[in-house]
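>>> structure for the following, please:
(one chain, ligands or ions: 1)
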Amino acid sequence: MEKLIVNGGRALHGAVRISGGKNSSLAIITAACLAADVSVLENVPQCRDVLTLKAILEALGARIELDRGRMAIDARALASHAAPYDLCRQMRASFYAAGLLLGRGGRAEIPLPGGCVIGSRPVDFHLRGFAALGAMVEIEHGYMKASARQLVGTTFFVPRSSVGTTINLMLAASMASGTTVLDNAAREPEVVDTAVFLNLMGARIKGAGTNSITIEGADALHGASYAIIPDRLEAGTYLLAAAATGGNVLVEQMIPEHISALLAKLEEAGAIVERGTDGVRVRAGGVHRGVHVDTAPYPGFATDLHPPFVALMSRADGQSRIRETVFESRFGYVDELRRMGADVHVEGDSAIVNGVPYLTGAPVEAVDIRAGATIIIAALSARGTSEIAGVDNVDRGYEQLDGKLSALGADVRRVEVRGESVPQPVA
Ligand code: EPZ
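A predicted model of the protein is given here:
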């Protein structure tokens, strides 16, 4: 087991380059397998969820190589219709294999997915969408089994503007006969990125980035080359870490408008934000003010940035209320922050944060990807040493988080822990 040891109290300074989007990559790597052909992707982050997806697609027959952000995907031999349980249960995006296999071969057997513990996270919208496309769908022994001789275009209202449902149905509908219209579609940048890539493969998708996406089905798609957009959630994480530590950091190689809602809230809290064309500099503005936030689908304040934002607010002047509207229980980080001295509690759908003058380092655990980022930000700004367990969860979504933070001046070490023995440095 690995842990991160963070000695807090150092302001972050310098510049950090953002990796390719994790959530975009998961959709686009899967999309590449719709064609019995070769695709090449650039800017693919080497994080654990990407490696898990790679293993799932390899188990289905694809051949995939990842080398320093460049991924070559050869899906010519992809022949299986059944995805492996042990890999799929590790992450929710494994369910994109359903849209892929239904689209490509008309048959999919996929374990119901796992992923972050942030609410019940069912896949009922996905299943309804596949059924609307004409697939026979049933749940049996923990698996979704779906089949269709030919998927047929349809009009489908995407409940709650679900990102995953929108992407999964775009994958399947790209290979359906006729036209599919997705109403109330998600508008997230990752949806747009996936549509752009699918169009490069020969799909005919219009309206991605709006609430209504039209997909003209194609008989076959071909391989394509593409560079994944930067990870807006990673960018937001470093901006929040810079502000929380009283630092001054330029976050480079990102798309500022992808996190405008966060930038506005940082400014409201008193941080100094300078927007460039492909970078944002944030400077802490002394003690920040408490602010209220409601998470919302894009372009609103991203639910994934709610927990790290609470880490910043935990030392702000006054009270903040962060209302979570996307997931029902994204508050797993609250108990961990309280161990560090934060005054935060949950009331209904909101985290109520009363800012305290300082946090103190403590043994804490990263219970999911963004909860991990949250306690790391808190640990960086705290007095003393924090020992962070559950690093696996952080590695699911962040490429080299500890390396990038060290380069910004953080005192963070990754150590191997065996049982209850004393931590040993990892080479
Ligand atoms: C994607 O999850 C992201 N994951 C999440 O990021 C992100 O938090 C979320 O979108 C919202 O932006 C990936 O892209 C891999 P949804 P997804 O379908 O697609 C409910 C991270 O840390 N719902 O938009 O699973 C659902 O429970 C991760 O990087 C159903 O009820 O989210 C939620 O309340 C965590 N039934 C709401 O809809 C369904 O069939 C929106 O979820 C599908 C969703």
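
>>> just give me the neighbour total for the closest residue to Ala93 other than its chain neighbours.
Of all residues not flanking Ala93 in the chain, Leu26 sits nearest, at 4.0 Å (Cβ to Cβ, 6 or more residues apart in numbering). Using the backbone N, CA and C atoms, a C-beta is placed for each residue, glycine as well. Neighbour count of Leu26, defined by other Cβ atoms under 10 Å: 25.

>>> ramachandran coordinates for Leu26?
With angles defined as degrees, to the nearest 10, Leu26 sits at phi -60, psi -40.

>>> pretty sure Ala224 sits against Ser39.
Yes. Contact status for Ala224 versus Ser39: in contact at 5.4 Å, counting by Cβ atoms under 8 Å.

>>> same drill for the two, tell me which one is more crowded.
Ser39 (26 against 22).

>>> that's a strand at that one, yeah?
Yes. Assessed with DSSP: H, G, I helix; E, B strand; the rest coil, Ser39 lies in a strand.

>>> what sits against it?
Ser39 sits next to 32, 72-73, 75, 201, 223-226 when contact means Cβ atoms under 8 Å, 6 or more residues apart in numbering.

>>> and which of those is nearest the ligand?
Closest approach to the ligand among the contacts of Ser39 (Cβ to the nearest ligand atom): Ala32, at 16.1 Å.

>>> which ones are touching whatever residue of the chain ends up closest to the ligand?
Relative to the ligand, the nearest point of the chain is Gly164 (2.7 Å; Cβ to the nearest ligand atom). By Cβ under 8 Å, 6+ apart, the contact list for Gly164 reads 92-93, 95-96, 123, 125-126.

>>> so it versus Ala264, what's the distance?
Per Cβ to Cβ, to the nearest Å, Gly164 is found 27 Å from Ala264.

>>> repeat that for Ala108.
41 Å.

>>> which one of those two has more residues nearby?
Neighbour tally, Ala108 and Ala264, criterion other Cβ under 10 Å: the higher count belongs to Ala108, 27 against 14.

>>> can you tell me the element the residue nearest to that one when sequence neighbours are not counted falls in?
In this structure, Ala108 finds its nearest non-sequential neighbour in Leu101, 3.7 Å apart by Cβ to Cβ, 6+ apart. Assessed by DSSP states H and E, Leu101 sits inside helix 96-105.

>>> name the helices or strands packed onto that helix?
Applying 3 or more Cβ pairs under 8 Å, 6 or more residues apart in numbering; DSSP states H and E, we find helix 96-105 packed against helix 22-32, strand 107-111, helix 124-132, strand 143-147, helix 163-173.

>>> mean pLDDT added to the ones you listed, as JSON lines?
Converted to JSON lines, the helices and strands packed on helix 96-105 look like this (pLDDT from 0 to 100):
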{"stretch": "helix 22-32", "mean pLDDT": "98"}
{"stretch": "strand 107-111", "mean pLDDT": "95"}
{"stretch": "helix 124-132", "mean pLDDT": "97"}
{"stretch": "strand 143-147", "mean pLDDT": "95"}
{"stretch": "helix 163-173", "mean pLDDT": "98"}
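
>>> distance to Ala366 added to these, as CSV?
Below are the helices and strands packed on helix 96-105 laid out as CSV (distance: least, Cβ to Cβ, whole Å):
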stretch, distance to Ala366
helix 22-32, 16
strand 107-111, 24
helix 124-132, 27
strand 143-147, 29
helix 163-173, 23
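
>>> quick one, what contacts the residue nearest to Ala108?
60, 81, 83, 107-110.

>>> how far off centre is stretch 324-337?
16 Å (Cα atoms, centre = their mean, to the nearest Å).

>>> now stretch 163-171
That offset, for stretch 163-171, works out to 15 Å (Cα atoms, centre = their mean).

>>> and it, which residues are buried?
163-171 (16 or more other Cβ atoms under 10 Å).

>>> what residues does the protein put near the ligand?
23, 26, 92-93, 116, 119, 121-126, 160, 162-165, 190, 303-304, 326-327, 369-370, 397 (Cβ under 6 Å from any ligand atom).

>>> Gly69 touches Val44, doesn't it?
Yes. Shown here, Gly69 and Val44 form a contact pair, counting by Cβ under 8 Å, at 5.5 Å.

>>> so where's this protein uncertain?
114-121, 419-427 (pLDDT under 70).

>>> outline the domain layout of it.
2-19+230-416, 22-227 (automatic domain parsing).

>>> the longest one: end-to-end distance?
End-to-end span of domain 22-227 (Cα to Cα, to the nearest Å): 13 Å.

>>> shared neighbours of Ala224 and Ser39, anything?
Joint contacts of Ala224 and Ser39 (Cβ under 8 Å, 6+ apart) are 32, 201.

>>> please save the CA atoms from stretch 277-286 in PDB.
C-alpha atoms of stretch 277-286 as PDB (Å, rounded to 0.1, in the frame of the first residue of the first chain):
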ATOM      1  CA  THR A 277      -5.600  32.200 -23.900                       C
ATOM      2  CA  ASP A 278      -4.300  28.800 -22.800                       C
ATOM      3  CA  GLY A 279      -3.500  29.400 -19.200                       C
ATOM      4  CA  VAL A 280      -4.600  30.900 -15.900                       C
ATOM      5  CA  ARG A 281      -2.500  32.400 -13.100                       C
ATOM      6  CA  VAL A 282      -4.000  32.500  -9.700                       C
ATOM      7  CA  ARG A 283      -2.600  34.400  -6.700                       C
ATOM      8  CA  ALA A 284      -4.000  34.100  -3.300                       C
ATOM      9  CA  GLY A 285      -5.600  37.300  -2.100                       C
ATOM     10  CA  GLY A 286      -4.700  37.000   1.600                       C
END
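
>>> okay, now Pro122: neighbour count?
Using other Cβ under 10 Å, Pro122 has 10 neighbouring residues.

>>> now it: which helix or strand?
Here Pro122 is assigned to no helix or strand, by DSSP H and E.

>>> check the secondary structure at the closest residue to Gly202 other than its chain neighbours for me.
Computed as Cβ to Cβ, 6+ apart, the closest residue to Gly202 that is not its neighbour in sequence is Leu221, at 4.7 Å. Classification of Leu221 by three-state DSSP places it in coil.

>>> what's the nearest residue to Ala342 if we skip its chain neighbours?
Leaving aside its chain neighbours, Ala342 sits nearest to Ser314 (3.9 Å; criterion: Cβ to Cβ, 6+ apart).

>>> equivalent analysis for Arg187, please.
Tyr298 (5.1 Å).

>>> no more questions from me, cheers.
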